[in-house]
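K.L.:
The following block contains a protein sequence and its predicted model.
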Amino acid sequence: MSNCCCDTKKSTKRTDADKKDLVARVNRIVGQMNGISKMIEDDRYCGDIIIQLSAIDKSIKSLSNVILDKHLHTCVEKAVKDGNDEVLDEIVLMFKRFQ
């Protein structure tokens, strides 16, 4: 993935390849969600739907981990090197939200 550069507007620059990869992951998750909707409309067995929901949960966690990894190794690393320790508080809050 690309160089991450968080500025005062809190935006992140990504390469076209990074965007393509992340959007593909999101589109796969959307497809999985649409599949669940169809399963419900088709009166599919609850257990089958739950299995698919578990797969979506894992897909979302995987996407989150990819983005978090890049964020820590680029934005956070740069901010700490630049003396901006506030970014560490942001990371702590982020982890608290995801518990």
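P.N.:
The structure has been received and is ready for your questions. Predicted model, so just to flag it, every value in this text is computed and none were measured. Residues are numbered from 1 along each chain as shown.
K.L.:
Check which helix or strand Leu53 maps to.
P.N.:
Assessed by DSSP states H and E, Leu53 sits inside helix 46-71.
K.L.:
after that helix, next one along is what?
P.N.:
helix 77-81.
K.L.:
Tell me the buried residues in that following helix?
P.N.:
Ala79 (16 or more other CB atoms under 10 Å). In this view, the C-beta of every residue, glycine as well, is placed from N, C-alpha and C.
K.L.:
got it, and stretch 18-37?
P.N.:
Neighbour-count burial for stretch 18-37 [16+ other CB under 10 Å]: Asp18, Leu22, Arg25, Ile29, Gln32, Ile36.
K.L.:
same for the helix or strand hosting the second one, what does it pack against?
P.N.:
It refers to Leu22. Assigned by DSSP H and E, Leu22 falls within helix 16-41. Here helix 16-41 touches helix 46-71, going by 3 or more CB pairs under 8 Å, 6 or more residues apart in numbering; DSSP states H and E.
K.L.:
low pLDDT regions in this protein?
P.N.:
1-8 (pLDDT under 70).
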